[in-house]
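>>> Following is a predicted model, sequence given first.
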Amino acid sequence: MGNSSIGVAVIGAGMAGGAHINLTTVSQNDLFVFQTRAFLEQIAGLDRLPPAPTLADGLQNIRLLDAVVASANAGGKNVAVP
């Protein structure tokens, strides 16, 4: 698939094991390697990378995004986030 040219990604920035990755020199397949490494380190209990978000984190994110849409549909009014 070739190399991506979208710039620089930061993996775990500001945390132990965080690294800047220049996406102009990293292929899409390399990104799968990074993701797999992070997954396996989580299973192994290694603390070199920040912990992955939980299902509860994802659910709260969806609720927040729903509130953003509801606020936009209401002309920018405040909307409660459950």
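Perfect, thanks for sending it.

>>> What ranges in this structure fall below the confidence cut-off?
Residues of the chain meeting the criterion pLDDT under 70: 1-24.

>>> quick one, helices of it?
28-44, 55-73 (DSSP state H).

>>> Pipe those helices into JSON lines and attach mean neighbour count and distance to residue 81 per row.
Every residue, glycine included, has its C-beta placed from N, CA and C. Shown next, in JSON lines, are those (neighbours: other Cβ atoms under 10 Å; distance: least, Cβ to Cβ, whole Å):
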{"stretch": "helix 28-44", "mean neighbour count": "12", "distance to residue 81": "28"}
{"stretch": "helix 55-73", "mean neighbour count": "11", "distance to residue 81": "4"}
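
>>> got CSV for the ones you listed, with distance to residue 80 too?
Putting the helices of the chain into CSV (distance: least, Cβ to Cβ, whole Å) gives the following:
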stretch, distance to residue 80
helix 28-44, 33
helix 55-73, 7
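
>>> quick one: residue 57 and residue 41, what's the gap?
Noted for residue 57: a distance of 19 Å to residue 41, by Cβ to Cβ, to the nearest Å.

>>> closest one to residue 82 among the helices of the chain?
Closest to residue 82 of the helices of the chain is helix 55-73 (Cβ to Cβ; 5.4 Å).

>>> For the closest one, which outside residues touch it?
77, 78, 79, 80, 81, 82 (Cβ atoms under 8 Å, 6 or more residues apart in numbering).

>>> let's go with 6 Å and repeat that
Helix 55-73 has contacts (Cβ atoms under 6 Å, 6 or more residues apart in numbering) with 79, 81, 82.

>>> Pull the number of nearby residues for residue 80.
Counted with other Cβ atoms under 10 Å, residues neighbouring residue 80 total 8.

>>> and the gap between it and residue 55?
Applying Cβ to Cβ, the value for residue 80 to residue 55 is 22 Å.

>>> ok, now residue 26?
29 Å.

>>> Which residues are in contact with residue 39?
Listed by Cβ under 6 Å, 6+ apart, the contact set of residue 39 is empty.
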